[in-house]
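Visitor: I would like the atomic coordinates for the input below:
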Amino acid sequence: MPPVPSTPPSRLPARLFPFLGWRHQLDPATVRNDLLAGFTVALVAVPQALAYAQLAGLPAYVGLYASLLPSIVGALWGSSAQLNTGPVALTSLLTASALSPLALPGSETWLLLAVQLALLAGVLQLVFGALRLAHFADLLSHPVLHGFINACSLLICAAQLPTLLGLPSAGQRPFFEAVTDLVLALPAAHLPSLALGSAAVGLLLLLQRLALGGPGVLLVVAGLAGAAWAGGFEASGGRVVGTLPEQILAFSLPRADWAQITDLLPSAFVLALVSFIEAMSSCKLASARTGQRWDGNQELIGQGLAKLTAAFCQAYPVSGSFGRSAFLLAAGARTGVASVVGALVVLGALVAMPEPIAHIPRPVLAAVILVTVARLLSLQALREAWRSGRDDGLAGTVAFAATLVFAPHVEIGILAGLLLSLALLIYRSMTPRVALLGRHPDGTWRDAARFGLPPPHPQVAILRFDGPLHFVNAATFEDAVLATRRDHPQMTILLLACAGINAIDASGVDALRRIHRQLAAEGRVLACCGLKKQVIDVLERTGLWAEIAAHAAYRTEDDALRQVLPAPGGAADAPARRGFEW
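Guide: Model prediction:
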């Protein structure tokens, strides 16, 4: 599919209503592709919506509600043509985990809390987008996110296995407790449910191998639902979706309860962050494939409005679906019209086929979840994190373990990984690499201790500091200078190789000023080379540049040495140059 250029809106109406830009992209070929892509994604959306609502502890039809207007709003106010918004596995799990300490799954209170959670998460994403804070999502490192997703995948599988086996669901619990209870309850499994669920898993895995995609999923669900109806599955005690309400769309203002809002706010923050990162991954993939531009802040606004719409539709939090977005991408969708068409097809299914939907067996929906989520489970990312560095591996592993151990409070896992990764980042900033330099045989200046190099001159030490000089590591910087003075008593000039210092704050300026004055009081000179303009600007504003400028404007180490050391036989008229010999 050829790339379709996307021009960022320049007028205020276009910024407030980004879908107005579609009219410049729509032509007969685009409309044809979008219609086909929308129909294709709807074939996937119907069974997934039913299944994911079940995962969230809600009546299955609520998932269909979440696939209607929220999906349309997400497409209208988003920035990616291929991002499909609606129920997703991870958001469904986070919803169930947030509500499990507060209500019973499937109860009226549970649904009211799910609506409030959608409202809170939507408001947060809308505010983040309005304040243009999309880049703050980058604080969640890939190892932490992969550790969290892997743990959530295991929790989802553990939560759905009882349904697949025809056993009562106990909701979200710590992983090992859920597995233990499942093993003990195996003798009581409902055999028709086990047969249907196993058949669904086998057929769905076969479809994956044959790469038949969305239509195949719907065929498996419909075929097994028909077989279950013909075989008397419900009469034997099997559980099905159940009768759908006559009212397809129910609009209502979400009821606000301050006590419940404070209980849900941490979970809403985690859900807003994780669901945006999930949507962002789909947008990046689609942009790389099609060449279309996307805007992270606009996408935050679109996803936030979609969650708010879900709250007003008495549904639960939605998000951008990686799987369904991949279907849109593969089907050639070029504008958000594809997602709008998909939502309308789902609406048509609700109107035209309420009775067949009501008889879909729950074990089959559990199989859809298991097979879909199993693709998210990959420990390779954690292994690569350990190979890249101990800190990344540790943060990812902590997020993985804490999510499993503290379930259903899965937000503890991602927050633990996030805080640990930030703490390790600060710790690394406190201890930047500091090295004394020597002349390497290839002519470059390198770490003297690592390569066994002699000092550049008996009375000169070159100290390299790798990292910004700020309040976190200013003490480390001073300690390194003190150690250099102690280990080089004959040193008359300390040359700082500053190419690695890309920023400096007030604490760094104070440390540099103290070092300069201490060395001057001892009759020594502080010289600097490679200072960046942004650092010099700070030194000028604080007045320190006027004190050190005479020996601080050198470009390289060699340039500095040529200036501070006399050439063989040259005059030694400056105090800083006296006593030097080559």
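Visitor: Could you double-check that residue 545 lies in contact with residue 533?
Guide: No: Residue 545 is beyond contact range of residue 533, at 11.7 Å (criterion: C-beta atoms under 8 Å). Where you see a C-beta, it was placed from the backbone N, CA and C, and this is true even at glycine.
Visitor: Quick check on these two: which one has the bigger neighbour count.
Guide: residue 545 (18 against 7; other C-beta atoms under 10 Å).
Visitor: which stretches of the stretch 201-350 of the chain form strands?
Guide: All strands of the stretch 201-350 of the chain, identified by DSSP state E, counting those that start in this stretch, fall at 319-321.
Visitor: ignore the last one, the stretch 401-550 of the chain
Guide: Counting by DSSP E, counting those that start in this stretch, the segments of the stretch 401-550 of the chain that form strands are 433-439, 445-447, 460-466, 493-497, 525-529.
Visitor: what residue ranges in the stretch 251-400 of the chain are flagged as low confidence?
Guide: The model of the stretch 251-400 of the chain has pLDDT under 70 over residues 256.
Visitor: hmm, back to that, looking at the strands of the stretch 401-550 of the chain, spot the one closest to residue 540.
Guide: strand 525-529 (13.6 Å; C-beta to C-beta).
Visitor: rewinding a little: mind putting the strands of the stretch 401-550 of the chain in a markdown table, distance to residue 564 included?
Guide: Formatted as a markdown table, the strands of the stretch 401-550 of the chain follow (distance: least, C-beta to C-beta, whole Å):
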| stretch | distance to residue 564 |
| --- | --- |
| strand 433-439 | 15 |
| strand 445-447 | 15 |
| strand 460-466 | 8 |
| strand 493-497 | 6 |
| strand 525-529 | 6 |
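Visitor: Output those as a markdown table; include the columns mean pLDDT and mean neighbour count.
Guide: Formatted as a markdown table, the strands of the stretch 401-550 of the chain follow (pLDDT from 0 to 100; neighbours: other C-beta atoms under 10 Å):
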| stretch | mean pLDDT | mean neighbour count |
| --- | --- | --- |
| strand 433-439 | 95 | 18 |
| strand 445-447 | 95 | 17 |
| strand 460-466 | 96 | 21 |
| strand 493-497 | 96 | 24 |
| strand 525-529 | 96 | 22 |
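Visitor: just checking, residue 525 touches residue 491?
Guide: No: the criterion here is C-beta under 8 Å, and residue 525 misses it with residue 491 at 9.8 Å.
Visitor: gap between residue 526 and residue 272?
Guide: Residue 526 sits 49 Å away from residue 272, going by C-beta to C-beta, to the nearest Å.
Visitor: swap in residue 548?
Guide: From residue 548 to residue 272 the distance is 47 Å (C-beta to C-beta).
Visitor: who's more crowded, the two?
Guide: Under the neighbour definition other C-beta under 10 Å, residue 548 and residue 272 were set side by side, and residue 272 has more, 28 against 21.
Visitor: show me the contacts for the more buried one.
Guide: Listed by C-beta atoms under 8 Å, 6 or more residues apart in numbering, the contact partners of residue 272 are 121, 124, 125, 128, 304.
Visitor: And the furthest pair within the residues you listed?
Guide: So, the contacts of residue 272 by C-beta to C-beta: farthest apart are 121 and 128, at 10.6 Å.
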